[in-house]
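Student: Provided below are the primary sequence and the corresponding predicted coordinates.
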Amino acid sequence: MTNETDPPSEDAAAPTLDALIAERRRKRETLADQGIDPYPARFDRTALAAELHDRHADLEPDARTGERVRLAGRVTAVRRHGKLSFATVADTSGSIQLLLQATSLSGQAAVVLESVDLGDWIGAEGEVITSRRGELSVDTTELWLLSKALRPLPDKWHGLTETDTRYRQREVDLLANPDSRRVFEIRFAAIAAMRRLMESEHYVEVETPILQPQAGGAIARPFFTHANALDIDLSLRIAPELYLKRLVVGGFERVFEIARNFRNEGVSTRHSPEFTALEAYRALGDVTDGMELTEALVLAAAEAATGRTVFAAGDVEIDLAGPWPRRQLLDLLEERLGRRVHPTDPLEDLRAVCEEHGVTPLPGWGPGKLVFELYDQVLLPGIVDPLFVVGFPVEVSPLARHTAGDPTMADRFELCIVAKEFANGYSELNVPEEQAERFEFSAAAKAGGDAEAHPADQAFVRALEYGLPPTAGIGIGIDRLIMLLAEVDAIRDVILFPMLRPEATN
């Protein structure tokens with residue numbers, strides 16, 4: 001077992017990857033020849049590294065505990081000093097040092113030790129002690145190889161830095177880059193906290209179809225596939241909304257789903273064709289309840305995952321501490337544009353305002369869409385701190401209830417932070433005839449070439465005819481939230497296995 005704790009020499013002739021793999025295969029064969037299985041079926045571990053550190057935090061140097069343990073983990077460092085060797089083993093909780101004295105090792109342990117490489121999974125048994133320098137260690141007597149790493153890990157001095165490789169080989173990225181592991185620990189803790197809050201508020205977690213006859217619940221371009229068994233075309237869901245509201249009709253008054261959604265659209269630092277969202281629906285609530293729940297979920301995620309509310313987003317500092325202000329969209333646009341706009345304004349007037357502010361109108365955009373694009377392209381980029389923007393045109397909110405007294409505006413909000421939409425929600429439209437009319441309008445737009453128009457879903461209209469009570473709904477983009485909490489700039493950094501082009505093959 002060679003000393004692998006020092007940085008590699010720039011002058012040394014490094015062996016090729018093929019040579020390193022061949023050498024590791026040879027070591028594996030040597031063990032097999034001596035009757036040692038390099039891939040045993042199981043190992044009974046009795047302690048984790050962190051547990052031992054907690055249990056013996058105050059142990060004096062050069063002390064023995066009399067406690068025998070069985071550890072398992074990946075070898076991250078080895079050092080040899082004559083008949084005394086040291087190895088660092090990392091498990092899911094942390095790392096601990098193994099002290100390996102030639103005079104104390106069993107025959108099998110000595111053979112395994114000679115074949116161990118960095119990256120191997122090993123099991124060890126021995127007494128918990130502290131070294132003369134006070135480092136908690138395991139005075140090892142038994143050693144097992146649990147899995148041979150045929151490919152060497154990136155060395156700890158340089159890590160795994162090539163971006164494409166990090167995303168394609170996330171398993172190696174997590175091993176080599178502690179910051180990548182930190183990001184996903186934040187993700188897992190945040191989602192767990194959000195789930196706990198939903199359960200404490202008596203929401204039931206459900207599962208709705210990913211393969212759907214037609215993708216609804218949002219305005220987006222879907223992916224399509226074909227079911228051979230039924231000989232029908234299907235869409236991957238763009239949102240679970242319609243199915244979740246059908247469950248409210250069915251008597252589950254509070255439901256939520258942490259859902260994988262798919263949109264056949266662009267890829268950028270903030271957009272991924274496959275992403276995760278939390279959607280929730282509450283009977284007898286309205287848009288105000290949706291904002292309160294959204295704020296509670298985000299703050300619960302931040303506190304559980306990081307223990308703080310202040311985060312760096314590029315060169316600005318964001319404080320999530322509530323309460324967050326709530327402002328009407330049309331008021332904000334008036335302040336930004338210097339004039340009042342409304343979906344009832346003449347189409348040509350709104351097109352002129354758009355062009356004046358750098359928004360190029362597309363054919364087929366109605367007045368509500370033009371107002372929305374002024375928000376999206378002119379207003380949103382200037383929003384930094386958490387802000388609920390409230391009241392959006394019905395034209396771009398086909399599933400939302402219109403505001404009292406104004407059939408062109410919907411009781412809808414978006415949570416905006418650092419020029420991004422983090423959440424969306426509204427008072428749900430529950431009038432069957434009005435929903436059917438809106439679907440007809442969307443269907444006409446789709447027939448006219450709008451690939452993102454919402455399809456007409458007759459099954460959903462039929463469900464509304466059984467009676468949907470007043471209902472509040474929200475959707476929170478999990479990936480963008482984790483980007484903020486982990487202080488990273490690219491959405492692919494918070495998705496374990498992001499969508500990539502296929503690897504080039506020779």
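Tutor: Here it is on my side, so go on.
Student: in the stretch 301-450 of the chain, mark out all the helices, start to finish.
Tutor: Counting by DSSP state H, counting those that start in this stretch, the segments of the stretch 301-450 of the chain that form helices are 329-337, 347-356, 367-374, 432-447.
Student: between those, which gets nearest to residue 67?
Tutor: Ranking the helices of the stretch 301-450 of the chain by their distance to residue 67 (criterion: CB to CB) puts helix 329-337 first, at 63.5 Å. Every C-beta, even on glycine, is put in place using the N, C-alpha and C of the backbone.
Student: so which elements touch that closest one?
Tutor: Packing partners of helix 329-337 (3 or more CB pairs under 8 Å, 6 or more residues apart in numbering; DSSP states H and E): helix 367-374, strand 387-393.
Student: how about that helix: buried residues?
Tutor: 329-330, 332-333 (16 or more other CB atoms under 10 Å).
Student: for the helices of the stretch 301-450 of the chain, which one sits closest to residue 285?
Tutor: Among the helices of the stretch 301-450 of the chain, helix 432-447 sits nearest to residue 285 (CB to CB), with 18.5 Å.
Student: tilt between that closest one and helix 367-374?
Tutor: Interaxial angle, helix 432-447 versus helix 367-374 (axes from the mean of the first three to the mean of the last three CA atoms, to 10 degrees): 70 degrees.
Student: tell me which residues of helix 432-447 are tucked away?
Tutor: 432, 434-436, 438-439, 441-442, 445.
Student: and what of stretch 96-103?
Tutor: For stretch 96-103, burial by neighbour count (16+ other CB under 10 Å) applies to 96-100.
Student: distance between it and the chain's centre?
Tutor: 39 Å (CA atoms, centre = their mean, to the nearest Å).
Student: pLDDT averaged over that stretch - what is it?
Tutor: Average pLDDT, stretch 96-103: 97.
Student: stretch 191-203 now?
Tutor: Averaged across stretch 191-203, pLDDT comes to 98.
Student: run through who's touching the longest helix anywhere in the chain.
Tutor: Taking DSSP state H as the criterion, the chain has its longest helix at helix 178-200. Helix 178-200 is contacted by residues 166, 170, 173-174, 205, 256, 258, 278, 280, 296-297, 300-306, 476, 478, 481-482, 485-486, 488, 493-494, 496 when judged by CB atoms under 8 Å, 6 or more residues apart in numbering.
Student: the helices of the stretch 301-450 of the chain: lowest mean pLDDT?
Tutor: Minimum mean pLDDT among the helices of the stretch 301-450 of the chain: helix 432-447, a mean of 88.
Student: which other helices and strands contact that helix?
Tutor: Contact analysis of helix 432-447 by 3+ CB pairs under 8 Å, 6+ apart lists helix 458-464 as its packing neighbours.
Student: starting at the chain centroid, how far to the helix or strand containing residue 54?
Tutor: Here residue 54, judged by DSSP states H and E, is contained in helix 49-55. Here the centre of helix 49-55 is set off from its chain's centre by 29 Å, with CA atoms, centre = their mean.
Student: same for that helix, what does it pack against?
Tutor: strand 64-81, strand 84-91, strand 94-101, strand 136-147.
Student: what is the burial count for the residue nearest to residue 329 when sequence neighbours are not counted?
Tutor: Among residues not flanking residue 329 along the chain, residue 391 sits closest, at 4.8 Å (CB to CB, 6 or more residues apart in numbering). By other CB atoms under 10 Å, the residues close to residue 391 number 21.
Student: now residue 391: how far from residue 327?
Tutor: 9 Å (CB to CB, to the nearest Å).
Student: got the contact list for stretch 23-36?
Tutor: 15, 37-38, 108, 111-112, 115, 117, 145, 148-152.
Student: hmm, 10 Å instead?
Tutor: With CB atoms under 10 Å, 6 or more residues apart in numbering as the test, stretch 23-36 has contacts from 1, 15, 37-39, 107-108, 111-112, 114-117, 119-120, 144-145, 148-152.
Student: quick check: which element contains residue 275?
Tutor: Using DSSP H and E, residue 275 maps to strand 274-283.
Student: tell me what that strand is packed against?
Tutor: Secondary-structure packing of strand 274-283 (3 or more CB pairs under 10 Å, 6 or more residues apart in numbering; DSSP states H and E): helix 178-200, helix 241-249, strand 254-262, helix 287-306, strand 420-427, strand 471-477, helix 478-486.
Student: could you give the angle of it to helix 287-306?
Tutor: 130 degrees.
Student: strand 274-283 vs helix 241-249, what angle?
Tutor: With the same axes, to 10 degrees as the basis, strand 274-283 and helix 241-249 are set at 30 degrees to each other.
Student: any idea how far strand 274-283 is from the chain center?
Tutor: 14 Å.
Student: strand partners of that strand, parallel vs antiparallel please.
Tutor: strand 254-262 (antiparallel), strand 471-477 (antiparallel) (DSSP bridges).
Student: most tightly packed of those?
Tutor: Burial of those is given as mean neighbour count (mean count of other CB atoms under 10 Å); strand 471-477 ranks first at a mean of 25.
Student: same question for that strand, mean pLDDT?
Tutor: Computed over strand 471-477, the average pLDDT equals 98.
Student: picking that back up, residues of the helix holding residue 54 that come out buried?
Tutor: Neighbour-count burial for helix 49-55, counted by 16+ other CB under 10 Å, picks out 49, 52.
Student: what residues does it touch?
Tutor: Helix 49-55 is touched from outside by 47-48, 59, 65, 67, 69, 71, 73, 88-97, 128, 136-138, with contacts defined as CB under 10 Å, 6+ apart.
Student: which secondary element of the chain has the worst mean pLDDT?
Tutor: For the chain, using mean pLDDT, DSSP states H and E, the weakest element among its helices and strands is helix 163-168, scoring a mean of 84.
Student: mind listing what residue 402 touches?
Tutor: Contacts of residue 402 (CB under 10 Å, 6+ apart): 393-394, 408-412, 427, 429, 431, 434, 438.
Student: quick check: the farthest pair among those?
Tutor: For the contacts of residue 402, and using CB to CB, no pair is farther apart than 393 and 431, which are 18.0 Å apart.
Student: neighbour-wise, which of these two wins?
Tutor: For the pair residue 393 and residue 431, the greater number of neighbours falls to residue 393 (24 against 13), based on other CB under 10 Å.
Student: how far does stretch 96-112 sit from its chain's centre?
Tutor: Between the centre of stretch 96-112 and the centre of its chain there are 41 Å (CA atoms, centre = their mean).
Student: ends of that stretch, how far apart?
Tutor: 19 Å (CA to CA, to the nearest Å).
Student: with stretch 167-181 instead?
Tutor: Counting by CA to CA, you get 13 Å between the two ends of stretch 167-181.
Student: who touches the residue of the chain positioned farthest from its centre in this structure?
Tutor: Going by CA atoms, centre = their mean, the residue of the chain most distant from its centre is residue 103, 48.8 Å out. Shown in contact with residue 103 (CB under 10 Å, 6+ apart): 83-84.
Student: just to be sure, it is in a helix?
Tutor: No - read with DSSP: H, G, I helix; E, B strand; the rest coil, residue 103 is coil and lies in no helix.
Student: look up how far residue 144 lies from it.
Tutor: For residue 103 relative to residue 144 (CB to CB), the value is 19 Å.
Student: could you list the domains of this protein?
Tutor: Per the record's domain assignment (automatic domain parsing), the chain is made up of the domains 17-157, 174-325+386-493.
Student: now distance to residue 502 too, for those, in TSV please.
Tutor: Formatted as TSV, the domains of the chain follow (distance: least, CB to CB, whole Å):
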stretch	distance to residue 502
domain 17-157	21
domain 174-325+386-493	14
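Student: most neighbours per residue, which of those domains?
Tutor: domain 174-325+386-493 (a mean of 18).
Student: give me the mean pLDDT for stretch 304-311.
Tutor: Average pLDDT, stretch 304-311: 98.
Student: what's it in contact with?
Tutor: When contacts are defined by CB under 10 Å, 6+ apart, stretch 304-311 is touched by residues 185-194, 196-197, 298-299, 302-303, 317-322, 417-418, 481-487.
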